[in-house]
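Q: What follows is a protein structure lacking sequence information:
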């Protein structure tokens, strides 16, 4: 079994309140979760309104497939143009 995890950090340049941030984060999370049927959540920086850190988790048998899926999810999030992608990290864990 292989577990794939990703940490995606977005910069929110034109945001002036946590309420605006929550709206954008909720949209990113819900659209990604709905489209790819994976676990997605805001994992840190909840009190920082200019940055959003979103975690993604997938489980499967083939690490190459999971790595590709995580890349597609991150590219999808970036294509929504709701926030600027600051960084991405992907890790595969073989259990």
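A: Received the coordinates, thanks. No experiment lies behind these values; they were computed from the predicted model shown.
Q: going forward, measure contacts and count neighbours with C-alpha atoms only.
A: Fine.
Q: just checking, what packs against the lengthiest helix in the chain?
A: Using DSSP state H to define each element, the chain has its longest helix at helix 18-36. In terms of contacts (3 or more Cα pairs under 8 Å, 6 or more residues apart in numbering; DSSP states H and E), helix 18-36 is packed against strand 39-44, strand 51-60, helix 63-79.
Q: What are the neighbouring residues in contact with the most centrally placed residue in the chain?
A: Centroid-nearest residue in the chain, with Cα atoms, centre = their mean: residue 54, separated by 4.1 Å. Contact analysis of residue 54 by Cα atoms under 8 Å, 6 or more residues apart in numbering lists 7-9, 29, 40-44.
Q: and what of residue 6?
A: 55-57, 70, 88-91.
Q: and which of those is nearest residue 36?
A: The closest of these to residue 36 turns out to be residue 70 (Cα to Cα; 9.6 Å).
Q: Is residue 47 in contact with residue 18, as I believe?
A: Yes. With contact defined as Cα atoms under 8 Å, residue 47 counts as touching residue 18 (7.3 Å).
Q: of the two, who's got more company?
A: Using other Cα atoms under 10 Å as the criterion, residue 47 and residue 18 rank with residue 18 on top: 14 against 11.
Q: Surely the more buried one touches residue 52?
A: No. In this structure, residue 18 is not within contact of residue 52 by Cα under 8 Å, at 10.6 Å.
Q: And the helices and strands packed on helix 18-36: which comes nearest residue 3?
A: strand 51-60 (4.5 Å).
Q: List the buried residues for the closest one?
A: 51-59 (16 or more other Cα atoms under 10 Å).
Q: Equivalent analysis for stretch 74-88, please.
A: 74, 76-78, 83-85.
Q: With that, I have no additional questions.
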